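>>> requesting a structural model of the entry that follows:
(one chain, ligands or ions: 1)
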Amino acid sequence: MSDLTSDQLARYIDHTLLKPEATHADVEALIAEAVRLGTYSVCVSPNMLPLSIPEGSGLKVAAVCGFPSGKHLSEVKAREAALAVAAGADEIDMVIDVGAVRDGRIADVQADIQAVRDAVPAPTVLKVIIEAAALDDAEIVAACVAAVAASADFVKTSTGFHPAGGASERAVRLMAETVEGELGVKASGGIRTREDAIRMIEAGATRLGVSASAAVLGEATAAPATY
Ligand SMILES: O=C[C@H](O)COP(=O)(O)O
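Predicted structure coming up:
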């Protein structure tokens, strides 16, 4: 994997801007940078949709849902996801109720994911953010099993906003082992360098959520994550 070209690495990346203070001008700049870098998609907050994606660019649009706490009612998440798809989202990155996993209420977690899945069926891609840094190994496995059972398309490590931290190789490896190729694995949160990105892919990530994409693709340097 260390011999991936920057173009190949870019195709793993959801170029992400989820800061509360983001403006429409910031999102326009994100799109322009994504097209220039050749990333797979842009990932934005749902109220920034619809986006003006340059024709012929092939750039996909991802929107988050229940972000960042996951403590929204399932009906609210489902509606939020459906509205985002109606406004042009190809992919939905939803946050689960992390506390429900820690309570052992896995049936509730599965039902929450299923509510969103039912609201945005295929071909919309559904990613399930489990906030792995806030879970122990058994909880990570349980959350991934719930995502598989609810027919999600990806499990995703992190929102990038949790004080416990972002993606770790250990969590990515455990998530990849659990979903056994049935679902994709998205590593996100704290990926700041090409080396970080390659480590995540080698651990089993099939997609990366990155705000510092220019740095990861060798065009700049990024400040380290401050978890
Ligand atoms: O998935 C999205 C994350 O918010 C990206 O986190 P980051 O800003 O640490 O790259």
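>>> neighbours of the residue nearest to Ile113 when sequence neighbours are not counted, how many?
Excluding its sequence neighbours, the residue lying closest to Ile113 (CB to CB, 6 or more residues apart in numbering) is Ala150, at 3.7 Å. (C-beta placed from N, C-alpha, C; glycine too.) By other CB atoms under 10 Å, the residues close to Ala150 number 20.
>>> distance check, Ala150 against the ligand.
20 Å (CB to the nearest ligand atom, to the nearest Å).
>>> thought that residue was touching Val120?
No. Ala150 lies out of contact with Val120 (CB atoms under 8 Å); the separation is 11.9 Å.
>>> what touches both of those two?
The overlap between the contact sets of Ala150 and Val120 (CB atoms under 8 Å, 6 or more residues apart in numbering) is empty.
>>> picking up where we left off before, contacts only, for the residue nearest to Ile113.
Gln110, Ala111, Ile113, Gln114, Arg117, Val128 are the contacts of Ala150 under CB under 8 Å, 6+ apart.
>>> who touches the fourth one in this structure?
Meaning Gln114. Contact partners of Gln114, counting by CB under 8 Å, 6+ apart, are Ala150, Ser151.
>>> for it, which three-state class applies?
Counting by DSSP: H, G, I helix; E, B strand; the rest coil, the backbone at Gln114 sits in helix.
>>> quick check: the gap between it and Ala149.
8 Å (CB to CB, to the nearest Å).
>>> which positions in the protein make contact with the ligand?
Residues of the chain lying close to the ligand by CB under 6 Å from any ligand atom are 16, 18, 43, 159-160, 166, 188-191, 209-212, 225.
>>> how far out from the middle of the chain is stretch 151-159?
Computed by CA atoms, centre = their mean, to the nearest Å, the chain-centroid distance of stretch 151-159 equals 7 Å.
>>> which residues are in contact with Lys186?
Counted by CB under 8 Å, 6+ apart, Lys186 has contacts Asp14, Asp93, Lys127, Phe154, Val155, Lys156, Thr157, Ala205, Thr206, Arg207, Leu208, Gly209.
>>> phi, psi of it?
Backbone geometry at Lys186, expressed as degrees, to the nearest 10, gives phi -110, psi 120.
>>> try Thr226
Torsion angles, degrees, to the nearest 10, at Thr226: phi -110, psi 50.
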